[in-house]
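**Student:** Sequence first, predicted model second:
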Amino acid sequence: MDVKNVFLNGELEEEVYMKLHPGHPQSSDPELVCKLHKSIYRLKKSPCAWYLKLSSVIEEVGLKRSNADSSLFVRICPSGTLVVLIYVDDLIVTGDNASEIVLLKNTLKQKFAIKDLGTLKYFLGIEMATSKKGMFLNQRKYILDLLQEADMLDCKPAFIPLDCKHKMTMDGETLTDISYYQRLVRRLIYLTITRPNIAFAVSLVSQFMHSPTMDHLQVVKRILRYLKGSVGHGILMQNNAHTQILGYTDADWAGNPLDRKSTTGFCIFVGGNLVSWKSKKQSVIARSSAEAEYMAMATTACELIWLKGLLSELGFPSSQPMTLMCDNQAAMHIASNPIFHARTKHIEVDCHYIRERVQSNIIQTRYTSSSCQFVDLFTKPLATAVFQGLLSKLGSINLLDPNLRGSVEIDQSHKYEL
């Protein structure tokens, strides 16, 4: 397979060629190739060609591609709002006008062979259950499949994903089959979509993908043991009659004992619901706790700006400033002080970025005490009581908790009904 760039009508185009099949009468001539008039399945060009075809059909009915997410299409008109989210050939269609949704489905049926699966209950390993209380998202079946793959369905559950006294090192026996470790960690990374309680632990074990040891594998199995005891955990989304954006940010300064890099953590609430969170090691070494916190603030500010743009495209624009909660007063003073000091010039880019947003009243910083800092869950291992307390404040609930007995029914297909 080969791709050749040619100029056609003054514009650069790509033409895809394929070598002749060995059974072709002229296959012995290496200069002869087949020019493809359309992309073939499994070619590198086929995903792009499929996206262009599908997006063109969706745009024909008046939906516009989102600037925040190229897989999101929105149409806002007097008749109602219509939203389409695509992942390859799987689509989620929603809106506040049922007739508009039916019209879109009929249009897609004329162009493609589609199957309507009805009300959204399962999408890419994520289970959804809706009721008057809201929408509950979790990955129970995904966890059970993962435990079965790791042969840990009968393991003893753990109360927290990490021992707060455990320190990750490079010492120990190197694994002979690293693919097993890598496969488990990759599946755990996808699980963090609905499980903020394992975000820090998974971020930690993913740093040793290339040379894991037996000790690292034991930490992964500890995470799986925690999942065994919290299979029913998920995120509950409720209608709180507002779309205010509130972010919490924190950093664990020099918390990594191997390279002394800091860990950035943040969580963002929209309308009182947890919608975004992150735990990631910073790329450079911070020389002070204020610098580490400020870099975390810059990362969180980028996510806040992105969410604000996304909500605006969905029909919820807001002129109110977004609130960014931080427990480091030194970093907050740097954000509001228009004068650069010699001690902060090495983080000048982040300083400019945050200060510009604060001065333009897009983001307002507010101090929160360390005892009320939710993001500790994403930056460091915690004791059981502290871990469970912060988890409940984030809105992550366990539908299998005995305290909720009577309000939940579980059918044999692992679907939830609130």
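**Tutor:** Structure received. Numbers count the residues shown, from 1 in each chain.

**Student:** Now stretch 32-41: average pLDDT?
**Tutor:** The pLDDT scores in stretch 32-41 average 69.

**Student:** now do stretch 229-247
**Tutor:** Mean predicted confidence for stretch 229-247 is 91.

**Student:** buried ones in that stretch?
**Tutor:** Neighbour-count burial for stretch 229-247 flags 229-237, 243, 245-247 (criterion: 16 or more other Cβ atoms under 10 Å). C-beta coordinates here come from the backbone N, C-alpha and C atoms, glycine included.

**Student:** Can you name the two of those residues that sit furthest apart?
**Tutor:** Gly229 and Thr243 (34.7 Å; Cβ to Cβ).

**Student:** Which segments of this structure make up each domain?
**Tutor:** 1-37, 45-118, 137-232, 236-377 (automatic domain parsing).

**Student:** for those domains, which one sits closest to Ala385?
**Tutor:** domain 137-232 (9.7 Å).

**Student:** Quick check: Lys35 vs Leu20, distance?
**Tutor:** The gap separating Lys35 from Leu20 is 11 Å, by Cβ to Cβ, to the nearest Å.

**Student:** So for those two, which residue has more residues nearby?
**Tutor:** Neighbours were tallied for Lys35 and for Leu20 using other Cβ atoms under 10 Å; the higher tally belongs to Leu20 (15 against 9).

**Student:** Now that one: closest residue in space, sequence neighbours ignored.
**Tutor:** The shortest distance from Leu20 to any residue other than its chain neighbours is 4.4 Å, reached at Ser27 (Cβ to Cβ, 6 or more residues apart in numbering).

**Student:** Repeat that for Gly62.
**Tutor:** Closest residue in space to Gly62, ignoring its immediate chain neighbours: Arg75 at 4.9 Å, by Cβ to Cβ, 6+ apart.

**Student:** do you know how far that neighbour is from Ile101?
**Tutor:** Using Cβ to Cβ, one gets 11 Å for the distance from Arg75 to Ile101.

**Student:** Would you single out the least confident of the domains of the chain?
**Tutor:** Here the lowest mean pLDDT among those goes to domain 1-37, at a mean of 61.

**Student:** In this structure the residue nearest to Leu20 contacts His21, no?
**Tutor:** Yes: Ser27 is within contact range of His21, at 6.4 Å (criterion: Cβ atoms under 8 Å).

**Student:** of the two, who's got more company?
**Tutor:** Using other Cβ under 10 Å as the criterion, Ser27 and His21 rank with Ser27 on top: 12 against 8.

**Student:** and Ala199, what does it touch?
**Tutor:** Listed by Cβ atoms under 8 Å, 6 or more residues apart in numbering, the contact set of Ala199 reads Thr192, Trp277, Lys278, Ser279, Leu377, Phe378.
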